[in-house]
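Asker: need coordinates for the following:
(one chain, ligands or ions: 1)
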Amino acid sequence: MALGARRAPGARRVQTRWVPLDLPDAPSPELVELDRTTSLTVVWHDGTRAAFALEDLRRGCPCAECRERRDRGEPVWPRPDRPETLEARGAHLVGAWGVTIEWNDGHATGIYSWGLLRTWAGLDEG
Ligand SMILES: [Zn+2]
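Answerer: Predicted structure coming up:
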């Protein structure tokens, strides 16, 4: 499943439904590819490529709810009342800003910004 991530004119406008605190300068990728059972691969225009295991993405979900769980020392995933095998049902681009992933445990609120993914991949300083 490939998601085109070309930067459209005016792409720096952020949809009002998502209100990030700041607009990071991280470049939009050229290609975002989701393998529903294994990983999310991101390719930037300079040819840099990073693959993220779904489990790492799910455990590191940047949404407020998951952050609070981690702060309390509780597991974000797996949880006892959720499917054991993690899968991504889909992914959606959030403007030019990042990507959300719809998980098979029903969770979909985390926005993985390009800046965050680049930091996780060791491409940029955090
Ligand atoms: Zn979350």
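Asker: what does this structure have sitting close to the ion?
Answerer: Along the chain, the residues adjacent to the ion under the rule C-beta under 5 Å from the ion are 61, 63, 66, 110. From N, CA and C alone the C-beta is placed, and that goes for glycine too.
Asker: recalculate using a threshold of 8 Å.
Answerer: Contact residues (C-beta under 8 Å from the ion) of the chain with the ion: 61-67, 76, 107, 109-110.
Asker: can you redo these as TSV with secondary structure and neighbour count?
Answerer: Putting the residues of the chain next to the ion into TSV (DSSP: H, G, I helix; E, B strand; the rest coil; neighbours: other C-beta atoms under 10 Å) gives the following:
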residue	secondary structure	neighbour count
Cys61	coil	23
Pro62	coil	14
Cys63	coil	16
Ala64	helix	10
Glu65	helix	11
Cys66	helix	19
Arg67	helix	14
Val76	coil	19
His107	coil	18
Thr109	coil	13
Gly110	coil	23
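Asker: and which of those residues is nearest Ala50?
Answerer: Proximity of the residues of the chain next to the ion to Ala50 (C-beta to C-beta) peaks at Pro62, which lies at 16.2 Å.
Asker: measure how buried Trp103 is and give me the count.
Answerer: By the criterion of other C-beta atoms under 10 Å, Trp103 has 22 neighbours.
Asker: that one contacts Gly90, correct?
Answerer: No. Trp103 lies out of contact with Gly90 (C-beta atoms under 8 Å); the separation is 9.5 Å.
Asker: the bottom helix or strand of this structure by mean pLDDT?
Answerer: Counting by mean pLDDT, DSSP states H and E, the weakest-scoring helix or strand in the chain turns out to be strand 2-4, with a mean of 57.
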